[in-house]
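Here's my sequence, what's the structure:
(one chain, ligands or ions: 1)
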Amino acid sequence: MEYVTTKICQAGQIGIHGNLFGGIMLSWFDEAGAAYAAYLCSTPHLVTVKMDEVVFKKPVRTGDHIRFFGEVYHVGTSSITLALEARRFLFDNGTYELVCSTEITYVRIDEQGKAVPIDEQIRQRLKAKKG
Ligand SMILES: CC(C)(COP(=O)(O)OP(=O)(O)OC[C@H]1O[C@@H](n2cnc3c(N)ncnc32)[C@H](O)[C@@H]1OP(=O)(O)O)[C@@H](O)C(=O)NCCC(=O)NCCS
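Below is the predicted model:
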């Protein structure tokens, strides 16, 4: 997987049980995935059409550095599906701990918001990269 971005859990993002509020993690995933999809597809004109099952494996607490990683799961005609992971960075030993994962599908749109094909060369390159 490729590194995408980092978020730091702030005190104001904590829910009533002392953990990061789940909805914040969903928005972090959506933003990280959108940025990565835009980078891969060389266009910012993408919308989220589907977020798959989200598994919250470990609690996130105030001050945690959560690093997002992604890889291409599927390339369609106008859509791209990414596998995404949120990993806590452990400063003590420089390793990571998986805290949450999901898959998100983004669709390339035109000015009217209608689905249009992702550039053919880019699609072929992404498919080749996926293997
Ligand atoms: C995304 C959107 C343009 C797709 O419109 P649509 O009429 O379903 O378009 P199409 O039927 O041509 O499908 C386009 C692509 O979306 C995919 N798609 C549509 N619904 C899907 C679903 N529920 N799950 C996964 N993929 C889906 C199709 O498989 C297709 O992919 P492909 O071209 O790679 O084969 C439309 O649903 C939309 O505008 N949704 C709202 C997006 C939004 O506001 N997101 C939140 C803010 S970013």
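
Please count neighbours and contacts with C-alpha atoms only from this point.
OK.

Mind jotting down where the helices sit in the protein?
22-41, 120-130 (DSSP state H).

near the ligand, which residues of this structure show up?
Val47, Thr48, Val49, Lys50, Gly76, Thr77, Ser78, Ser79, Val107, Gly113, Lys114, Ala115 (Cα under 6 Å from any ligand atom).

ok, now with 8 Å
Within the chain, the residues that sit near the ligand (Cα under 8 Å from any ligand atom) are 46-50, 75-80, 105-109, 113-117.

Check this protein for the residue nearest the ligand and tell me.
Gly76 (3.2 Å; Cα to the nearest ligand atom).

Can you tell me how far that residue is from His17?
40 Å (Cα to Cα, to the nearest Å).

Quick check, Glu71 in contact with Ala83.
Yes: between Glu71 and Ala83 there is a contact under Cα atoms under 8 Å: 5.4 Å.

more crowded one of these two?
Glu71 (21 against 18; other Cα atoms under 10 Å).

For Arg88, see how far away that one is.
18 Å.
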